[in-house]
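> Prediction below, plus the sequence it came from.
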Amino acid sequence: MTRLQSRPSGHPLQRGSRSDGLARRRPRRRRDTIWLIGPTVAIIVFFFIGPVIYNGVLALQEVTLFQAGGTGGTWVGLDNFVDLLQDQSTYAIFGNSAFWLTVVTVAARIVLGLGLALMVNAVILGSVKLRWLARSLVVVPWAVPPVVAIVLWKFLLDPRDGAINEILVGTGIVEAGIPFLQQVSTVWLGIQTIVVWRELPLVVLTILAGLQTISPEQYEAAEIDGAGWWKRLWHITLPNLRSSIAVIALLTTIWTFNNFIYVWLSTKGGPGTFTEVLGTAIYREAFVDYDVGRASALSLLATLVMAIFAVVYFVRVYQRRGEDS
Amino acid sequence: MSRTDLRFVVARARRKGNRAGTVRGTIAILAIFAALMLFVAPVAWMFVISVRPADEMGNGLALPTEITFEAFDKVADFGFIQFFANSLIVGVISATISVLLALLAAYGFSRRRFRGRNALLFTVVLSQLFPFVMLVTPLYIIFGQLSLIDSYLGIIIAYVAITLPFSVYMLLGYIDSIPASLDEAAEIDGAGTLRLIFRIILPVAWPGLVASWIYAFTLAWEEYLLASVLLTSPDKRTLPVAMAGLFGEFTTQWDVVMAAGVVATVPTLIIFLILQRRLVGNLAGGSVK
């Protein structure tokens, strides 16, 4: 949001018209505005707004994937929603998405991300000129496409050939390899490890960017006052990082809550339906069971929950712009 | 990093009278790199396994006794040269279209005032937060009716659409920081809008364009859900979909699966390592600060 802040006066949504002296040119300008913005707006309407509205229409029907493109389904009013809300598994799916997939991994990403960012930013690395190496290493998992990351971790966590079980068995911590992704007691830990590992670099980079904005004078002053490392972390670093952390926590929450790929490719929602989340449930309803009406209704319920986070995000962003200007 | 290298840098730091010369400093550096090595170890292991002979799978964590590219041959037999080309073509075309459209739109949002501007800008930002899994069912049906299923045109439209919001937003910042007096001067000289954008704006905003292009390309390169739903014939698959398919087929042939992973990872890894310095400033700083 720097770009929006860097405007000379206020943020773009509040700024009035500029360059009144050029009023005579208005007609030409208005015409070229259409072809400047038009293509982008058309694509966004076609790809985002259209499908969202169509989704709402489908949610009111009993319709299969094949009927939807052809003969159409039957109108059933709010039946799909009633069914979903009476179904115990819907609550389990929301619970899994909200807690095991999102809350746990976002919290872990913030804590570990802060730790890694502080390491990479450590003064001592600068003094031996190795910060570039640390920064390069820390982005590596982010360069691994999610599909590859999941398959790689399925290998690492494999009970027979996986490196993690080789280490655990080799050091005598366990007697036989643990089937991490196949059993209820460890499956969430496995999925969470994959999500956190792959998505950690973004959090590290964000916090790293936040760290660059803290002025060295603050630390020098604290050092002169005799504040130790922990005191400086608690009283200077963390308060200064508050907004970076808040925004990245919100964004990762929004992106993770509906995530499909991590659970789908690592467990397909199993064992049984133990790790079923919103993303996999919507996909399963639509593309495995072909029940498009139910899939659309579930999407809408998930969107409602997401809207709450989106509102918090926007309030936060606009508040910050207000403070800055 | 070898131990002698480390001793050298530590000695250099000590000469400078730095904290790094202390035992505590050395331990801190070692601890930091130990943690980072652990963090990247999975990727390193993927590279190792991809060149280790298949019959050494029982050797556990042992390094390869010889280096073989047999696994890569099998990956090529599976059609990965085609899939690599598919991903490359789809990624390059969609990223280029996305950046060009975003440049025009960002210029419009920055330099023009019109009714509904705020609402449109808000919609652009909002669509950035939209989860694809909710769009995928209605999109599949709409694309089906427009014969866009199983066509590169369809998937390119999809990737342009999902990358446009962030690109517009990122470029808006770059263009906003260019003084309007620059393009007003060019306008008085009689330059048309398009000429003005390419002559005045583009040279100044190119770091933003590069960042947007890389962002759009990477997203297309890594995307799985839309590609798996919208592209149905096997030879049109992109790398992520092919990778998932290969894994389903060769579940226990880890060397083959890891070799495919290496093929899919190397391009983005190169881009990221070259750009790591800029990433801190652009992506993270830009989107969150």
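Happy to help now that I have it.

> For chain B, which residue occupies the most central location?
Of all residues in chain B, the one closest to the mean position by CA atoms, centre = their mean is B:Thr218, 2.3 Å from it.

> And chain B, what are its domain boundaries?
Using automatic domain parsing, the domains assigned to chain B come out as B:3-51, B:73-288.

> Let's test this: mean pLDDT of the last one, rounded?
Rounded to a whole number, the mean pLDDT of domain B:73-288 is 88.

> Buried deepest among the domains of chain B, which one?
Stretch with highest mean neighbour count among the domains of chain B: domain B:73-288 (a mean of 20; mean count of other CB atoms under 10 Å in any protein chain shown). Yep, even glycine has a C-beta here, placed from its N, CA and C like the rest.

> show me what contacts the residue nearest to the centre of chain B?
B:Thr218 makes contacts with B:268, B:271, as judged by CB atoms under 8 Å, 6 or more residues apart in numbering or on different chains.

> any idea how far the helix or strand harbouring it is from the chain center?
Using DSSP states H and E, B:Thr218 falls within helix B:202-222. For helix B:202-222, the gap between its own C-alpha mean and the chain's C-alpha mean amounts to 9 Å (CA atoms, centre = their mean, to the nearest Å).

> State the distance from the residue of the stretch 51-200 of chain B found nearest chain A to A:Leu250.
Ranking the residues of the stretch 51-200 of chain B by distance to chain A (CB to the nearest CB) places B:Gly173 first, at 1.3 Å. The gap separating B:Gly173 from A:Leu250 is 20 Å, by CB to CB, to the nearest Å.

> picking that back up, following the helix holding B:Thr218, which helix or strand shows up next?
Helix B:202-222 is succeeded, C-terminally, by helix B:225-230 (DSSP H and E).

> Which elements pack onto that next one?
For helix B:225-230, the packing partners by 3 or more CB pairs under 8 Å, 6 or more residues apart in numbering or on different chains; DSSP states H and E come out as helix B:132-145, helix B:152-176, helix B:239-249.

> CA-only coordinates of that helix in CSV, if you can.
Extracted in CSV, the C-alpha atoms of helix B:225-230 (Å, rounded to 0.1, in the frame of the first residue of the first chain):
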residue,chain,number,x,y,z
LEU,B,225,-6.7,-25.9,-9.5
LEU,B,226,-7.8,-23.9,-12.6
ALA,B,227,-5.4,-25.7,-14.9
SER,B,228,-6.7,-29.1,-13.7
VAL,B,229,-10.3,-28.2,-14.2
LEU,B,230,-10.1,-26.1,-17.4
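
> Identify the residues contacting it?
In contact with helix B:225-230 (CB under 8 Å, 6+ apart) are residues A:260-261, A:283, A:287, B:132-133, B:136, B:139-140, B:143, B:148-150, B:154-155, B:158-159, B:162, B:237-238, B:240-241, B:244.

> Can you pull out the residues in contact with stretch B:31-45?
Contact with stretch B:31-45 is made by A:116, A:119-120, A:122, A:125, A:134, A:137-138, A:140-141, A:144, A:152-153, A:156, A:163, A:197, A:200, B:1, B:265, B:269, as judged by CB under 8 Å, 6+ apart.

> Now, those residues that are in helices?
When DSSP state H defines the helices, the subset of the contacts of stretch B:31-45 inside them is A:116, A:119-120, A:125, A:134, A:137-138, A:140-141, A:152-153, A:156, A:163, A:197, A:200, B:265, B:269.

> Next, the closest residue to A:Arg160 other than its chain neighbours: phi, psi?
Closest residue to A:Arg160 apart from its sequence neighbours, by CB to CB, 6 or more residues apart in numbering or on different chains: A:Gly177 at 5.9 Å. Per-residue torsions, A:Gly177: phi -60, psi 140 (degrees, to the nearest 10).
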